[in-house]
Structure formats: structure tokens, C-alpha cells
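Enquirer: The following comprises the amino acid sequence and a computationally predicted model.
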Amino acid sequence: MDITLYHGTDARILSMSKEERLQYKKECDLIIDTLYPFFQPLLKWEKTEIKVDGKTIFGYEYPLKLKYGKILNEKGGMYMYQNLFEKLAMIDCRNNNAGLYQYENLYLCSSKLTAASYATSSFAGGEMGLIAYRLIQGADIINFENFRPNSNIQSIMNKIREFAKEGNEKPAIVTIENIDVDYLSFEDGKPIEKDNFAEWLEPRRKRQLKFRYTKPLELSECKVELYNKELYLKIKEEEK
């Protein structure tokens, strides 16, 4: 079966050696594991009450929003709280072995536009890099009293901040041809039906399917296109 799929990333990641990529991911994991425990107490529901027309309405909310939602958005941008909460929820899902949040494999998609959305969010070094960066941003704003990073942690945090610095990004789309279906599963890890898979995949422009790919692959040896306005217009025309 002649199957082509796409991967969205940052060209700076592709320029790294395999050892450098693994090291950067390892460092992002270390920062996530270091910072996440400081946020955990802020992710447990607290009972709230508000007065509306003289009536008391009870509800529940996260302390992260109650205590820091406003300042996060003021200092980190309009959607900082939302972005941080999303990443914290993803870590929780990963830690609980949720199928959609395992990061050991290569993730591919059937649409170039979908790959482009992943490329533009890879400015901190892929999904793990972005998760680590959002936690760093949140910790910088909240300024946890008991967070005293050693020199190694501080150095890695600075490395991630520099990678994510605005203006350094190089979003790229990788085209992977001749996909081996034996190494392909849906993004949540569920198996795919291999019979007539190429025909089933054909209306991919509308379906925007996503997959995991476990076959060893050197992305830098595949077709790589830097994502910019010109490429966006080309893809829009191709995917009409």
C-alpha cells in the first residue's frame, strides 16, 4: 500500500542528532516531574459560593483559577491560565496511562493542515517541550515559595526558555511516504484494520486522521518543508 502521512515539528528539532533529541526530551521530562508537584495542590476542587440576586449559589473550582487565574492572564497573556491548565491536565492523563497522552512514539496525521497546527505549536521543542515551557511560565508567575531549583534545574529551565523564545521558531512539515501499516495504530494506541486501509484513508482531507508510528524513522531524511504563508496557501489549494 502506498500511504503518505505527515508530521508537524520544528526544524531545529530535525537538525539535532538523535542523541540531542533524546537528551532534550529527557530534560523536558525532568522539568515536568520537578514542577508538577508544586501545581498538584492547586488542582483539587474547592467549594465556592457566590451571591446572585441575594441568593447563595454553591459550586466548585480549582484553586489554580481562584488564586492565580487573573495574574496568570495578566502577566502571561490572555490565555495563560487556559494554556497552563491544559498542560497540567495532559500530565495527569499521561501519569494515569491515558492512551492519547503517551509520548514515546512518533505521531503522524493524514492532513498537511493538521500537521501544520502541530508545527506551529512545536516552538518550545515538540509537545513535551511545550508542556515543560508552560509549567516554567506558570512557576515564574506564581513564584512558589518552596521552589528552590538547583543549578542543573535552573540551567535546563533557561535552555527551554531560550528554545521557546519568540522569533526562534522554525515550524516545519515532514512528509513520510511508503508508510508501513504493520507499525501503524490510531493515536490512542488502538489497532487499525489493515485490509483495504489505503482505500479507507483516501478521503483523508476531510477526516484529518491521526496515528502512532512505531517503525524507526529518521525524519531529517524525509521531505521537510518550512511552514510559512506561501506553504499555507499551497496546502489550502491542494486540500480543497
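Expert: Happy to help now that I have it.

Enquirer: What's the end-to-end length of stretch 144-154?
Expert: Start-to-end span of stretch 144-154 (CA to CA, to the nearest Å) is 14 Å.

Enquirer: What residues sit buried inside that stretch?
Expert: Residues of stretch 144-154 classed as buried by neighbour count (16 or more other CB atoms under 10 Å): I153. C-beta: built from backbone N, CA, C; applies to glycine.

Enquirer: Ok, stretch 82-93 next?
Expert: By neighbour count with 16+ other CB under 10 Å, stretch 82-93 contains the buried residues N83, L84, F85, K87, L88, M90, I91.

Enquirer: repeat for stretch 112-127
Expert: By 16+ other CB under 10 Å, the buried positions in stretch 112-127 come out as 112-116, 118-119, 121-127.

Enquirer: These in helices, which ones?
Expert: Those of the buried residues of stretch 112-127 mapping onto helices are K112, L113, T114, A115, A116, Y118, A119, G126, E127, per DSSP state H.

Enquirer: Surely V224 forms part of a helix?
Expert: No - per DSSP: H, G, I helix; E, B strand; the rest coil, V224 lies outside any helix segment and is strand.

Enquirer: Show the pLDDT at the residue lying farthest from the centre of the chain.
Expert: The centre of the chain is farthest from one residue, G54, which by CA atoms, centre = their mean lies 43.9 Å away. Note on G54: pLDDT of 70.

Enquirer: repeat for M157
Expert: 98.

Enquirer: what's the answer for T48, then?
Expert: Listed pLDDT for T48 reads 68.

Enquirer: Could you find the closest non-adjacent residue to K215?
Expert: Excluding its sequence neighbours, the residue lying closest to K215 (CB to CB, 6 or more residues apart in numbering) is Y183, at 3.7 Å.

Enquirer: residues contacting the one you found?
Expert: By CB atoms under 8 Å, 6 or more residues apart in numbering, the contact list for Y183 reads Y213, T214, K215.

Enquirer: okay but the first one is in contact with C109, surely?
Expert: By that I understand Y213. No - if you go by CB atoms under 8 Å, Y213 and C109 don't touch, sitting 10.5 Å apart.

Enquirer: out of those two, which sits in the busier spot?
Expert: Applying other CB atoms under 10 Å to Y213 and C109 shows that C109 carries more neighbours, namely 22 against 19.

Enquirer: Which parts of the chain are helices?
Expert: Using DSSP H, helices in the chain cover 11-14, 18-39, 63-76, 80-95, 112-120, 126-142, 151-164, 197-201, 204-207, 229-238.

Enquirer: related to what we said a few turns ago, can you redo the buried residues of stretch 82-93 as JSON lines with distance to L22 and pLDDT?
Expert: Converted to JSON lines, the buried residues of stretch 82-93 look like this (distance: CB to CB, whole Å; pLDDT from 0 to 100):
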{"residue": "N83", "distance to L22": "26", "pLDDT": "96"}
{"residue": "L84", "distance to L22": "26", "pLDDT": "97"}
{"residue": "F85", "distance to L22": "29", "pLDDT": "96"}
{"residue": "K87", "distance to L22": "21", "pLDDT": "95"}
{"residue": "L88", "distance to L22": "25", "pLDDT": "95"}
{"residue": "M90", "distance to L22": "21", "pLDDT": "90"}
{"residue": "I91", "distance to L22": "20", "pLDDT": "91"}
